[in-house]
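**Q** Task: produce atomic coordinates for the following.
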Amino acid sequence: MLPSLSMAEAEVKLSEAQARNIGVRVTHPVSSRTDLTLPYPAQIVIPTPQLWVVSAPSAGMVINLGVGRGDRIAAGQPLVTLESPGFVSQQRDYLHAVAQEVLASQQLKRNADLFEGKAVPQRVLEASQAEERQASIVVAERRQMLRLSGLSDDAISRLSNEAAISATLTVKARQAASVVDIAISPGQRVEQSAPLVKLARLSPLWAEIAIPASNIRAIRTGANVEIEGYATLGKVVLVSETTDPATQTILVRAEIPNNGELHPGQTAAARIGFLSADESAWEIPYSGLVRRGEQTWVFVAIDGGFRLVPVALLAEDQDHVVVSGPITDKNEIAIGGISALRGMLAGLGQ
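**A** Next comes the predicted model:
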């Protein structure tokens, strides 16, 4: 334990020979980036809102697969062609609904003329109006089903005019994307709504960074994030409120614009902004840090011994720490014999 001493008292007096005898080693602090932390491991992933699955609009058999995993595709590009009896039924039902709507409209016109001449009562006209409206609703429903199957309005108009029913259904991309995965192969039979192709937009991407729980106080949403070897800065968009019990790390998520240099699934090293430009930060070996709860110090060499100097811990990994405090690169920081120095200091406090 460290005693509760004033700064003047928090000194250990010993000669250079005594320091060597108890294993004290020293090093100079190295100036660290004043705006970014030590590098932390990061995983590059696709943001979940930018992932979607193209499903089979109707049951059928895959007769052609027009894309491969990793392909970049344009809006409207064919993805999969299906041979589908269900699609045939959809077209037939639509044409039948259109025919019924025509008949209902003609009947309404006749009954309207007859009502004008007082040849039929009003209830007959109202019944015709209801039937014509119901027929229009059925046509709208069948048209929407064809749209969901991938038919454009022009293709639906041609179907209405030409009554040319097709047994093949081509599923197209609705927007530009990259093919992440393919769930089917030619010759395979699929049910309606079965997944066919997984697509994604690959810019921006997320960098999911594991930060030791002890360092999380220095990280805020909106901070700059630098991926080593990649020029474009990202931004922290999430600092998780939970800690991984196995690793004692906290998830920090950054959004990174991507020009094609980053690839989902790759690992990287990320540095996160944590200081203002006018502050000084110093990197020292991990062994040089003295802890007591959340308080941290370093032993700084002085004439005739060492002084315990408080510092703020900004970042750490298994080998190094970054601190700020009243030290410079001219100081010598103890990085060996720390236990002996602590013991001597504790003896002073008794």
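**Q** which of the residues in the longest helix along the chain are buried?
**A** Assignment by DSSP state H gives helix 85-116 as the longest helix of the chain. Across helix 85-116, burial judged by 16 or more other Cβ atoms under 10 Å covers 86-88, 90-91, 94-95, 97-98, 100-101, 104, 107-108, 111, 115. Where you see a C-beta, it was placed from the backbone N, CA and C, and this is true even at glycine.
**Q** Out of these, the closest to D71 would be?
**A** Nearest to D71 out of those is F87 (Cβ to Cβ; 24.9 Å).
**Q** Please name every helix or strand in contact with the helix or strand hosting I137.
**A** Using DSSP states H and E, I137 sits in helix 122-148. When contacts are defined as 3 or more Cβ pairs under 8 Å, 6 or more residues apart in numbering; DSSP states H and E, helix 122-148 sits against helix 85-116, helix 153-162.
**Q** For the residue nearest the centre of the chain, give its distance to P264.
**A** Using Cα atoms, centre = their mean, the residue of the chain that lies closest to the mean C-alpha position is P47, 3.0 Å off. The gap separating P47 from P264 is 10 Å, by Cβ to Cβ, to the nearest Å.
**Q** Find residues that contact each of these two.
**A** L205 (Cβ atoms under 8 Å, 6 or more residues apart in numbering).
**Q** what's around P245, how many residues?
**A** P245: 7 surrounding residues under other Cβ atoms under 10 Å.
**Q** Next one: it, what pLDDT does it get?
**A** Listed pLDDT for P245 reads 93.
**Q** How about N215?
**A** Confidence score, pLDDT, at N215: 77.
**Q** Also the one 10 residues further on?
**A** For V225, the model assigns a pLDDT of 92.
**Q** Also R292?
**A** Among the per-residue scores, R292 shows a pLDDT of 83.
**Q** Any idea how many residues pack against it?
**A** Burial of R292, expressed as a neighbour count using other Cβ under 10 Å, amounts to 10.
**Q** just for the stretch 1-150 of the chain, where's the confidence low?
**A** Along the stretch 1-150 of the chain, the parts satisfying pLDDT under 70 run over 1-9, 33-36.
**Q** May I ask you to confirm that the residue nearest to the centre of the chain is in contact with S203?
**A** No: judged on Cβ atoms under 8 Å, P47 makes no contact with S203 at a distance of 9.8 Å.
**Q** Neighbours of the nearest residue to the residue nearest to the centre of the chain once chain neighbours are set aside, how many?
**A** Nearest residue to P47, sequence neighbours excluded (Cβ to Cβ, 6 or more residues apart in numbering): W206, at 5.1 Å. Applying other Cβ under 10 Å, we find 21 residues neighbouring W206.
**Q** could we number from 55 for the rest of this?
**A** Happy to do that; since the first residue is 55 now, the last one works out to W260.
**Q** W260 against Q104, yeah?
**A** No: using Cβ under 8 Å as the test, W260 is too far from Q104 to be in contact (9.3 Å).
**Q** V152 is in contact with V193, isn't it?
**A** Yes: between V152 and V193 there is a contact under Cβ under 8 Å: 5.7 Å.
**Q** What residues are bridge-paired with V116?
**A** Counting by DSSP bridges, V116 is bridged to L136.
**Q** Return the residues in contact with the residue nearest to P101.
**A** Counted by Cβ under 8 Å, 6+ apart, W260 has contacts I98, V99, I100, P101, V291, R307, A308, E309, I310.
**Q** Go through these and say which is closest to I387.
**A** Set against I387, the nearest of the contacts of W260 by Cβ to Cβ is A308 (31.7 Å).
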